[in-house]
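**Student:** attaching a predicted model along with its sequence, questions to come.
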Amino acid sequence: MVPTRTTPSGVARVRHVPQRTCVACRRTGDQRTFVRLVRGAEGGVEVDERGRAQGRGAYLCRDVACWERGAKGALNGALRTTIDATNRAALVAYGSQFVSAPAPDSGAHDEESGEA
Ligand SMILES: [Zn+2]
């Protein structure tokens, strides 16, 4: 005999997605939303494109503003390191590819639907 299971509130099956947090703006989301950074062997911060490097990691949004903020200090704390000027410039340069979308036809449409 199989006992009948009652779910408290008809919860749909939720796929578990690990949540990450941007160290600059504290926004959370799934890993694909962010770029992972790791502390390199020499104490600098390196971009971990594949998200698989060993060691202490931190995440930043794909948004240049977060990279600038991260390079200025947020990453120092998160990765327990000190980003030097060269490293900082490299990170900001990398982050500059993630220009905040200028929104060509900017409607007041800012809902965060998880639409792929
Ligand atoms: Zn962010």
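**Tutor:** Right, received. Where do you want to start? Residues are numbered from 1 along each chain as shown.
**Student:** number of residues surrounding Gly51?
**Tutor:** 15 (other Cβ atoms under 10 Å). Every residue, glycine included, has its C-beta placed from N, CA and C.
**Student:** so who does it touch?
**Tutor:** By Cβ atoms under 8 Å, 6 or more residues apart in numbering, the contact set of Gly51 is 31, 36, 57.
**Student:** those residues into TSV, with extra columns for pLDDT?
**Tutor:** Shown next, in TSV, are the contacts of Gly51 (pLDDT from 0 to 100):
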residue	pLDDT
Gln31	90
Arg36	97
Gly57	94
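**Student:** what about those residues, which are in strands?
**Tutor:** 36, 57 (DSSP state E).
**Student:** what's the nearest residue to the residue nearest the centre of the chain if we skip its chain neighbours?
**Tutor:** Among the residues of the chain, the one closest to the centroid is Phe34, at 3.0 Å (Cα atoms, centre = their mean). In space, and not counting its chain neighbours, Phe34 is closest to Tyr59: 3.9 Å by Cβ to Cβ, 6 or more residues apart in numbering.
**Student:** now do the SS call for the one you found.
**Tutor:** strand (DSSP: H, G, I helix; E, B strand; the rest coil).
**Student:** hmm, back to that, out of the contacts of Gly51, who's nearest Asn76?
**Tutor:** Gly57 (14.2 Å; Cβ to Cβ).
**Student:** wouldn't that closest one be in contact with Val38 here?
**Tutor:** Yes. Under the criterion of Cβ atoms under 8 Å, Gly57 makes contact with Val38 at 4.9 Å.
**Student:** re earlier: out of the contacts of Gly51, who's nearest Ala89?
**Tutor:** For the contacts of Gly51, the nearest to Ala89 is Arg36 (19.8 Å; Cβ to Cβ).
**Student:** and the closest one, what are its bridge partners?
**Tutor:** Asp48, Tyr59 (DSSP bridges).
**Student:** brilliant, that's me finished.
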